[in-house]
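Novice: quick one: sequence plus predicted model below, questions after.
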Amino acid sequence: MTALAMASLLAHLHRGTLVDAAASQRMRTIFEAGAPWTWLKDHTATAGSSFEVTGCKIGEASSGSAFVGTVFSEGAWLRRRSDAAEFVVVWQNAHLELPFQPIARVIDEVVRTWP
């Protein structure tokens with residue numbers, strides 16, 4: 001799944017427009033149960049995080065063609081702590097050799113400063 005396709009999936013689930021409202025809510029409930037598994041959990045546990053994760057979808061696969069070993073993809077719903085604004089964030093290709101904290105800091109800064 002591409003990052004754009006995953007963002008579309010999560011946005012449709014949030015709006016209740018994936019198949020129908022009931023099916024969207026059921027899938028959203030499943031993804032909400034995955035919120036504690038997100039790579040963002042360590043970042044949101046720190047003081048000063050601008051958001052909380054309300055649901056996520058995580059993927060992991062080997063990627064021999066990209067020559068990076070294991071590739072991760074994740075999409076999450078975020079709720080900004082200051083005003084409860086909701087966001088969808090998606091990223092891919094964060095493999096094991098790359099630290100995750102720089103990605104989390106960028107996500108935090110965008111959520112914190114978005115209008």
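Specialist: Here it is on my side, so go on.

Novice: can you show me the strands along the chain?
Specialist: 51-62, 70-80, 86-92 (DSSP state E).

Novice: let me have the ones you listed in a markdown table, extended by mean neighbour count.
Specialist: For glycine as for every other residue, the C-beta is placed from the backbone atoms N, C-alpha and C. Shown next, in a markdown table, are the strands of the chain (neighbours: other Cβ atoms under 10 Å):
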| stretch | mean neighbour count |
| --- | --- |
| strand 51-62 | 17 |
| strand 70-80 | 20 |
| strand 86-92 | 17 |
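
Novice: do you know the pLDDT at the closest residue in space to residue 33 that isn't next to it in sequence?
Specialist: Leaving aside its sequence neighbours, residue 33 sits nearest to residue 55 (Cβ to Cβ, 6 or more residues apart in numbering; 8.0 Å). Note on residue 55: pLDDT of 93.

Novice: residues contacting residue 55?
Specialist: Contact analysis of residue 55 by Cβ atoms under 8 Å, 6 or more residues apart in numbering lists 28, 31-35, 76-77.

Novice: what of residue 49?
Specialist: 43, 81, 108.

Novice: let's see that with 6 Å instead.
Specialist: residue 43 (Cβ atoms under 6 Å, 6 or more residues apart in numbering).

Novice: do the one 4 residues further on as well
Specialist: Listed by Cβ under 6 Å, 6+ apart, the contact set of residue 53 reads 35, 38, 40, 44, 76.

Novice: rerun at 8 Å
Specialist: Counted by Cβ under 8 Å, 6+ apart, residue 53 has contacts 35, 38, 40-41, 44, 76-78.

Novice: buried residues of stretch 13-32, list them for me.
Specialist: Judged by neighbour count (16 or more other Cβ atoms under 10 Å), stretch 13-32 contains these buried residues: 13-14, 18, 24, 27-28, 31.
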